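**Q** A predicted structure for the sequence below; I have some questions about it.
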Amino acid sequence: MALIISIITLSFYTVSWHHQNYLLYRKSNAVQAENQRIMALHKQLLTEYSEQISGQEIQDNASEKLQMKRPKLKEDILL
């Protein structure tokens, strides 16, 4: 009788343990997906910030809107 009760109890704990592992696996996957989303957003923001720092956007705006061009020769620059 004690053996049957111990087998049933062990079976119950095994099912419970597997269910907890499954829930932990689902939560881990959700956290990992959120982390990947945050890392992608972080990389995008770093790229945009580096473009602003480099001045490429300012240079493009100056060439498009103000029709500014770089001098071709150093002699063209008057001091």
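**A** That came through, no problem. In this text the structure is predicted, and so the values were computed from the model without any measurement.
**Q** what about the helices in the chain?
**A** 2-54, 56-65 (DSSP state H).
**Q** Throw the ones you listed into TSV and include mean neighbour count and mean pLDDT, thanks.
**A** Glycine gets a C-beta too; all of them are placed from N, C-alpha and C. Output for the helices of the chain, formatted as TSV (neighbours: other Cβ atoms under 10 Å; pLDDT from 0 to 100):
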stretch	mean neighbour count	mean pLDDT
helix 2-54	10	93
helix 56-65	11	73
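**Q** Now do stretch 24-37: distance to the chain's middle.
**A** With Cα atoms, centre = their mean, to the nearest Å as the basis, stretch 24-37 stands 12 Å off its chain's centre.
**Q** Then stretch 46-63?
**A** 22 Å.
**Q** try stretch 35-46
**A** That offset, for stretch 35-46, works out to 3 Å (Cα atoms, centre = their mean).
**Q** Contacts for that stretch next, please.
**A** Outside stretch 35-46, not one residue touches it by Cβ atoms under 8 Å, 6 or more residues apart in numbering.
**Q** For it, list the C-alpha coordinates in CSV.
**A** The C-alpha trace of stretch 35-46 is given here as CSV (Å, rounded to 0.1, in the frame of the first residue of the first chain):
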residue,chain,number,x,y,z
ASN,A,35,15.6,40.9,-25.8
GLN,A,36,16.3,40.5,-29.5
ARG,A,37,13.7,43.2,-30.3
ILE,A,38,15.4,45.6,-27.8
MET,A,39,18.9,44.8,-29.2
ALA,A,40,17.6,45.5,-32.8
LEU,A,41,16.1,48.8,-31.7
HIS,A,42,19.3,49.7,-29.9
LYS,A,43,21.4,49.0,-33.0
GLN,A,44,19.0,51.1,-35.1
LEU,A,45,19.3,54.0,-32.7
LEU,A,46,23.1,53.7,-32.6
